[in-house]
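A.B. asks: Have a look at this fold, sequence not included:
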């Protein structure tokens with residue numbers, strides 16, 4: 001009896017420590033998220049009470065551009081994209097309303113299938129830029145090749161592009177996207193439009209959790225970042241940059257605006273623009289009154305393995321390499337955003353500890369009701385203690401967090417997806433934890449091997465039917 005009592009007492013103590021650690025970690029992270037919620041809703045209320053009482057809400061069709069002016073360059077880096085790039089380019093050129101743009105597609109010498117798919121579109125507004133290296137390198141390296149190709153085009157044709165817009169080979173861009181970017185640049189050095197994942201009926205839970213994450217990130221988080229004056233991280237798609245600003249960054253980096261060793265070149269570019277004093281805008285605007293917002297849409301990974309690979313690349317580039325490459329530059333707001341970006345690694349660990357603690361606590365309750373020696377032990381969580389108070393606070397914060405996820409998902413995708421967002425939170429936590437483990441392994445492996453990163457691309461899909469917006 002004494003031996004079992006000792007084991008049970010040790011289990012009780014371990015469970016308490018796990019609960020305390022998990023509750024403290026979840027509370028800190030949730031309070032951080034709650035601050036963002038408060039700032040977002042306060043901003044929304046203020047704008048309704050002031051700006052929108054004086055000015056009508058704009059839509060993309062009301063934006064009056066500068067008339068005949070400089071064209072816009074669209075960069076599309078492509079490695080092993082033969083299955084989607086042709087459809088993407090054909091859809092873009094068929095639907096885009098802006099009259100002055102040129103698409104530069106970066107391809108590799110050892111990827112003839114992608115090049116052939118681009119050539120098959122046969123549109124004079126599309127130019128192919130061959131990377132000087134065999135693929136894959138990094139997306140940043142491919143983008144630098146496209147940059148040099150654009151410069152060569154400018155010299156050959158005596159033109160100067162106004163802006164550079166980034167897209168991926170699977171994107172479905174809104175027909176008025178370039179109109180919005182053209183209107184805001186050069187008043188803004190960077191313009192980011194929302195990214196909205198497609199709902200995948202074949203992957204409601206894995207691909208579906210991206211719906212929830214982007215609905216909150218590209219509705220609330222980016223808006224708050226802009227409002228407090230922090231750097232806006234570019235998403236790599238549906239983002240436009242002033243040509244002159246990119247030229248300055250290219251000059252500072254030795255002739256090209258992207259660091260070829262970066263895995264998250266878009267994220268770093270947003271920070272470089274902010275460091276140079278460039279204004280950035282995250283723009284949510286309807287195409288026309290009553291229509292959906294001007295967004296870019298795409299499919300996201302439909303399997304857990306693919307999602308983990310993609311997210312681990314993001315975490316590796318932003319949280320780990322970003323720490324090495326960007327540091328903690330900027331003012332209070334900028335450093336706070338860097339901390340938020342990098343807390344994802346710690347959050348993944350805290351969430352798993354919370355799951356383990358919850359299971360251990362549930363088991364302790366069962367043991368206390370069924371094992372005689374356990375009945376003599378005090379409750380794992382005694383009422384009125386600091387741990388009890390902390391757990392109640394954490395429970396309330398988690399309930400609020402899940403409610404917010406459902407609210408923002410419902411706004412973007414409707415009530416059915418809002419209902420799915422609740423169980424999908426568990427899927428997201430598991431994917432993020434596995435991605436964090438893989439990111440740490442890749443980071444340590446890179447430090448040991450001292451090898452340069454390569455383009456670990458995601459297998460892409462293009463929707464079968466795309467509405468002409």
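C.D. replies: Cool, the structure landed. Being a predicted model, the structure only gives us computed values, none of them experimental.

A.B. asks: Where does the prediction get shaky in the stretch 301-450 of the chain?
C.D. replies: Across the stretch 301-450 of the chain, nothing is flagged by pLDDT under 70.

A.B. asks: Do you have the helices of the stretch 51-200 of the chain handy? List them.
C.D. replies: 51-54, 85-95, 112-121, 139-157, 177-184 (DSSP state H, counting those that start in this stretch).

A.B. asks: can you pull the buried residues of the shortest one?
C.D. replies: Buried residues in helix 51-54, defined by neighbour count with 16 or more other CB atoms under 10 Å: none. Every C-beta, even on glycine, is put in place using the N, C-alpha and C of the backbone.

A.B. asks: helices or strands next to that helix in the packing?
C.D. replies: Of the remaining helices and strands, none touches helix 51-54 by 3 or more CB pairs under 8 Å, 6 or more residues apart in numbering; DSSP states H and E.

A.B. asks: most packed of the helices of the stretch 51-200 of the chain?
C.D. replies: Counting by mean count of other CB atoms under 10 Å, helix 177-184 has the highest mean neighbour count of the helices of the stretch 51-200 of the chain, with a mean of 24.

A.B. asks: ok but residue 241 is inside a helix, no?
C.D. replies: No: secondary structure of residue 241 (DSSP: H, G, I helix; E, B strand; the rest coil): strand, not part of a helix.

A.B. asks: what sits opposite it in the beta ladder?
C.D. replies: residue 164, residue 190 (DSSP bridges).

A.B. asks: Export the helices of the stretch 51-200 of the chain as CSV, with columns for mean pLDDT.
C.D. replies: Listed next are the helices of the stretch 51-200 of the chain as CSV, based on pLDDT from 0 to 100:
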stretch, mean pLDDT
helix 51-54, 84
helix 85-95, 97
helix 112-121, 97
helix 139-157, 97
helix 177-184, 95
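
A.B. asks: In JSON lines: these, plus distance to residue 359.
C.D. replies: Putting the helices of the stretch 51-200 of the chain into JSON lines (distance: least, CB to CB, whole Å) gives the following:
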{"stretch": "helix 51-54", "distance to residue 359": "48"}
{"stretch": "helix 85-95", "distance to residue 359": "45"}
{"stretch": "helix 112-121", "distance to residue 359": "47"}
{"stretch": "helix 139-157", "distance to residue 359": "40"}
{"stretch": "helix 177-184", "distance to residue 359": "47"}
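
A.B. asks: Show me where this structure has its strands.
C.D. replies: Taking DSSP state E as the test, the strands found in the chain are 72-77, 101-107, 126-130, 163-166, 172-173, 190-192, 195-197, 239-242, 280-282, 296-298.

A.B. asks: Out of those, which gets nearest to residue 228?
C.D. replies: With CB to CB, the closest approach to residue 228 among the strands of the chain belongs to strand 280-282: 12.1 Å.

A.B. asks: contact partners of the closest one?
C.D. replies: 184, 188-194, 218, 222-223, 225-226, 231-232, 270, 273-274 (CB atoms under 8 Å, 6 or more residues apart in numbering).

A.B. asks: so who does residue 325 touch?
C.D. replies: Contact analysis of residue 325 by CB under 8 Å, 6+ apart lists 259, 262, 268.

A.B. asks: now these as a markdown table including pLDDT and neighbour count?
C.D. replies: A markdown table is the format used below for the contacts of residue 325 (pLDDT from 0 to 100; neighbours: other CB atoms under 10 Å):
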| residue | pLDDT | neighbour count |
| --- | --- | --- |
| 259 | 92 | 19 |
| 262 | 87 | 21 |
| 268 | 93 | 25 |
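
A.B. asks: And these, which is closest to residue 47?
C.D. replies: Using CB to CB, the contacts of residue 325 come closest to residue 47 at residue 268, 30.7 Å.

A.B. asks: Which pLDDT does the model give residue 291?
C.D. replies: pLDDT, residue 291: 78.

A.B. asks: Hmm, I typed the wrong one, I wanted residue 467.
C.D. replies: For residue 467, the pLDDT comes out at 40.

A.B. asks: May I ask you to name the longest helix in the protein?
C.D. replies: Longest among the helix segments of the chain by residue count, using DSSP state H, is helix 2-49.

A.B. asks: Residue 3: which of the strands of the chain is closest?
C.D. replies: Of all those, strand 195-197 sits nearest to residue 3, with 54.5 Å by CB to CB.

A.B. asks: tell me the mean pLDDT over that closest one?
C.D. replies: Strand 195-197 carries an average pLDDT of 97.

A.B. asks: So what are the sheet partners of it and their directions?
C.D. replies: strand 296-298 (parallel).

A.B. asks: quick one: buried residues of the strand it pairs with?
C.D. replies: Applying 16+ other CB under 10 Å to strand 296-298 flags 296-298 as buried.

A.B. asks: returning to what we had before: name the nearest of the contacts of residue 325 relative to residue 36.
C.D. replies: Using CB to CB, the contacts of residue 325 come closest to residue 36 at residue 268, 22.5 Å.

A.B. asks: Let me see the contact set for that closest one.
C.D. replies: 259, 262, 322, 325-326.

A.B. asks: give me that answer again for 7 Å
C.D. replies: 259, 262, 325-326 (CB atoms under 7 Å, 6 or more residues apart in numbering).

A.B. asks: Check the gap between residue 245 and residue 83 for me.
C.D. replies: 34 Å (CB to CB, to the nearest Å).

A.B. asks: neighbour-wise, which of the two wins?
C.D. replies: More neighbours surround residue 245 than the other of residue 245 and residue 83, with 24 against 16 (other CB atoms under 10 Å).
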